[in-house]
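Enquirer: Sharing a model prediction with you, sequence too.
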Amino acid sequence: MSILSSRGTRAAIVAVAVGSLALTGCGGGNDSSDKPKGKSQDEAATQAKAVAYGDVAASTGPAKAVAGAKPGGTIPVYQENDFSHLDPAQTYVSDGRLLGNLIHRGLTANNEDDKGAVTVVGDIATDSGTKSDGGKIWKYTLKDGVKDENGKAITSADIRHTFERQYAPFITDGPTYIQQWLSGTGTKYRKALPDGPYKGKHLPDSVLETPDAKTIIFKFKTPQPDLPQALAMVGYSIVPEKTDTKEKYDTKPVATGPYKISDFKPGKSLTLVKNPNWDPKTDSGRHQYVDGFNISFNHDDTDQTKRILADRGEAKNAIMMTGQVATSQVKAVVTDPKANKRTISGYAPYVWQLNMNQDRIKDKKIRDAITYAMPGGQVYRPDGGSYGGEPAGGLLAPTVPGYEKGYDPYGKIKKPAGDIAKAKQLLKEAGKEGMKLVYAYSNTPVRQQQSVIIEDALTKAGFDVQKKEVDNATWYEQMGKVKNGFDVYMTGWGQDWPSASTVIPPSFDGKQIQDGASNYAHVNDKHVNAEIERIQKITDQAAATKEWTKLHKYIVEEINPAAPLYFVKVLQIQGSNVGGARYSSDTSYIDVKNVFLKK
């Protein structure tokens, strides 16, 4: 699910992924057991099931009412950091995805039932799409009554513009699936429209056709059965053509969802109020129960947890968005029956990993030494303890189809404290004892604590560790630079939908290496590149899953681009006056579309 950022998911992450964020769950600082607690991998497997594609009935609003919901009031939201982007096309981290569920809409959306099962429905489209020619052609018809916050009706021209602006050079941080499906793999797609639509040029009708104001037709060279799921990503939300301000759109986007931005003070706060031009009859998944959300920044997980746990004043109405129960507060939360009733939890689709920059660390023995040295069973403890994570053996999360329970080629699960002796031996064989290693980490409390653990392990293995602290607000932007100047650095990645096709290609396809891309280890292997291209053409999901699993093993065992650290679980707490709170298997955090105030 896009990127998992130190503050919340790119894909994502993202995963996104994930997005897609500092993931702190349960466990507590005094939890010394390495046995995972909280959600189990068997429960995580339910998130790996394929989603359903909804018809017109499933896509027709209004959304099903939440039991006991009442209108009115404002919900305070505590966030650690500001949003890196407000332009949906630039959004790939988790916090941006949750915000996007409130202010943006796309052609499709993910609706979730009470058991966590996800259905892709038409959002501003009448259904999840009509395919033909074996999935090479997808047709969408727009619903009546969909308007932006200014009251302007959304037409197919806005849809065309939304996708064509994705090619513009200033769009660097969002998803690239659909652009590549339309116009070529890797970075080649930009050649099809290098300036976006801003100089009067457009994608040809042979690729993207808008025959009338209500119809959009995507035309691909190869079948794309996952298009409805890709379209549901916040990165493909609608940007109305007449109000597109290019780079400036990133600070003041125009809403199509139930809420709009009324005030934004970068680094301090963001205020959402009701969008009067959102029509619930056109929306089968969102609600507009509260009058708005007051999002304030600069609240780390400890501050968020203490405020909401105390349950006084405005905190009674407050929620976390991508924050989580601080490790130091876990015991206080889970052992207090009243507080524990105010929590939600679930298994997130992310794997935290220590990327090894292959432009700088070319010898696999050195990469293996780093991997063996990593004490995954210790690294996750500052991030929520055994309720917040568990040691990872590979680079696919338990929520990804094709994940193999117990896969552990480097003994990361069997030896969660790491294998320093093996690491020292490999480094000696490589002739690199005392090698300087530039290690970047973000300046959040959790990452700072983890950096001490990681530095200690690498030093014991024989490396000369050079630590570099990086501002968390721009973490992924800096790690995403091809010439980032670092040897090793942590990132978290998760599926954008239940398929390894949203994990392996964006993370390891050498053709996608460019500033802003998510191949953070700079893997550029001929076999991997060829296999990605081959497997992406397999339309049978089960058959493709088997091939992705084989390729995952090759990447981990033959290349080893990143040391697996830990799988992620999520624990959040909300105020006692908040109703409708539930864990979303779609976003891996609270479902912000359902919340209301009880009184």
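Expert: Done, it's in. Residues are numbered from 1 along each chain as shown.
Enquirer: how about the strands in the stretch 451-599 of the chain?
Expert: Using DSSP state E, counting those that start in this stretch, the strands of the stretch 451-599 of the chain run over 464-470, 488-494, 562-573, 578-579, 596-597.
Enquirer: Quick one: those strands as a markdown table, columns for mean pLDDT too.
Expert: Below are the strands of the stretch 451-599 of the chain laid out as a markdown table (pLDDT from 0 to 100):
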| stretch | mean pLDDT |
| --- | --- |
| strand 464-470 | 97 |
| strand 488-494 | 92 |
| strand 562-573 | 94 |
| strand 578-579 | 98 |
| strand 596-597 | 98 |
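Enquirer: Out of those strands, the one nearest Trp548 is which?
Expert: strand 488-494 (14.3 Å; CB to CB). In short, each C-beta sits where N, CA and C put it, glycine included.
Enquirer: ok, the closest one: who's next to it in the sheet?
Expert: strand 3-4 (antiparallel), strand 343-356 (antiparallel), strand 436-442 (parallel) (DSSP bridges).
Enquirer: will you turn these into TSV that also has distance to Glu469, mean neighbour count and mean pLDDT?
Expert: Shown next, in TSV, are the strands paired with strand 488-494 (distance: least, CB to CB, whole Å; neighbours: other CB atoms under 10 Å; pLDDT from 0 to 100):
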stretch	distance to Glu469	mean neighbour count	mean pLDDT
strand 3-4	19	38	50
strand 343-356	16	28	92
strand 436-442	6	21	98
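Enquirer: Now distance to Arg582 too, for these, in JSON lines please.
Expert: Below are these laid out as JSON lines (distance: least, CB to CB, whole Å):
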{"stretch": "strand 3-4", "distance to Arg582": "21"}
{"stretch": "strand 343-356", "distance to Arg582": "6"}
{"stretch": "strand 436-442", "distance to Arg582": "29"}
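Enquirer: To Glu209, which of those strands lies closest?
Expert: It is, among the strands paired with strand 488-494 and with distance given as CB to CB, strand 3-4, at 32.2 Å.
Enquirer: Can you tell me how far Ala326 is from Lys64?
Expert: Relative to Lys64, Ala326 is positioned 34 Å away (CB to CB, to the nearest Å).
Enquirer: swap that for Asn594, please
Expert: 10 Å.
Enquirer: Compare these two and say which is more crowded by neighbours.
Expert: Asn594 (20 against 13; other CB atoms under 10 Å).
Enquirer: got a list of what that one touches?
Expert: Asn594 makes contact with Val66, His287, Gly580, Ala581, Arg582 under the criterion CB atoms under 8 Å, 6 or more residues apart in numbering.
Enquirer: and the second one, what does it touch?
Expert: Spelled out, that is His287. Per CB under 8 Å, 6+ apart, neighbours of His287: Ala63, Ala65, Val66, Ala69, Pro258, Pro280, Lys593, Asn594, Phe596.
Enquirer: how about the closest residue to the last one other than its chain neighbours, what does it touch?
Expert: Nearest non-adjacent residue to Phe596, counting by CB to CB, 6 or more residues apart in numbering: Tyr289, 3.8 Å away. Under the criterion of CB under 8 Å, 6+ apart, the contact partners of Tyr289 comprise Val66, Ala69, Lys70, Pro71, Gly72, Gly580, Val595, Phe596, Leu597.
Enquirer: hang on, the fourth one is in a strand, isn't it?
Expert: No - using DSSP: H, G, I helix; E, B strand; the rest coil, the assignment for Pro71 is coil, not a strand.
Enquirer: what does the model give the nearest residue to it once chain neighbours are set aside for pLDDT?
Expert: Once flanking residues are discounted, Pro71 sits nearest to Tyr289: 5.5 Å by CB to CB, 6+ apart. Looking at Tyr289, its pLDDT is 98.
Enquirer: Gly385 now?
Expert: At Gly385, pLDDT is 78.
Enquirer: repeat for Thr172
Expert: Taking Thr172 on its own, its pLDDT is 89.
Enquirer: That one: helix or strand, and which one exactly?
Expert: Assigned by DSSP states H and E, Thr172 falls within no helix or strand.
Enquirer: Excluding sequence neighbours, find me the nearest residue to it.
Expert: Nearest to Thr172 is Gly516, by CB to CB, 6+ apart, at 3.6 Å.
Enquirer: what sits against that neighbour?
Expert: So Gly516 contacts Thr172, Asp173, Glu477, Gly480 (CB under 8 Å, 6+ apart).
Enquirer: Run the angle between the helix ranked longest in the chain and strand 436-442 for me.
Expert: When the chain is parsed with DSSP state H, its longest helix is helix 445-461. Interaxial angle, helix 445-461 versus strand 436-442 (axes from the mean of the first three to the mean of the last three CA atoms, to 10 degrees): 170 degrees.
Enquirer: which helices and strands sit right next to helix 445-461?
Expert: Contact analysis of helix 445-461 by 3 or more CB pairs under 8 Å, 6 or more residues apart in numbering; DSSP states H and E lists helix 301-310, helix 364-373, helix 376-379, helix 420-429, strand 436-442, strand 464-470 as its packing neighbours.
Enquirer: tell me which residues in that helix are buried?
Expert: Using 16 or more other CB atoms under 10 Å as the test for burial, helix 445-461 gives Pro445, Val446, Arg447, Gln449, Gln450, Ser451, Ile453, Ile454, Glu455, Ala457, Leu458, Ala461.
Enquirer: Let me have those residues in a markdown table, adding pLDDT and distance to Asp82 as columns.
Expert: Shown next, in a markdown table, are these (pLDDT from 0 to 100; distance: CB to CB, whole Å):
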| residue | pLDDT | distance to Asp82 |
| --- | --- | --- |
| Pro445 | 86 | 17 |
| Val446 | 88 | 18 |
| Arg447 | 94 | 17 |
| Gln449 | 95 | 23 |
| Gln450 | 97 | 22 |
| Ser451 | 98 | 23 |
| Ile453 | 98 | 28 |
| Ile454 | 98 | 26 |
| Glu455 | 98 | 28 |
| Ala457 | 98 | 32 |
| Leu458 | 98 | 31 |
| Ala461 | 98 | 37 |
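Enquirer: per the record, what domains does the chain have?
Expert: If you go by automatic domain parsing, the domain ranges for the chain are 259-345+572-597, 349-570.
Enquirer: Reformat those domains into a markdown table and put distance to Leu102 next to each item.
Expert: As requested, the domains of the chain are exported to a markdown table (distance: least, CB to CB, whole Å):
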| stretch | distance to Leu102 |
| --- | --- |
| domain 259-345+572-597 | 5 |
| domain 349-570 | 19 |
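Enquirer: which residues of the stretch 151-300 of the chain fall in strands?
Expert: Under DSSP E, counting those that start in this stretch, the stretch 151-300 of the chain gives strands at 208-212, 215-219, 259-265, 269-274, 292-296.
Enquirer: Direction included, what does the first one pair up with?
Expert: Strand pairing for strand 208-212, using DSSP bridges, gives strand 215-219 (antiparallel).
Enquirer: which residues touch the closest residue to Lys365 other than its chain neighbours?
Expert: Nearest residue to Lys365 in three dimensions, chain neighbours excluded: Ala430, at 4.1 Å (CB to CB, 6+ apart). Contacts for Ala430 (CB under 8 Å, 6+ apart) come out as Asp363, Lys365, Ile366, Ala369.
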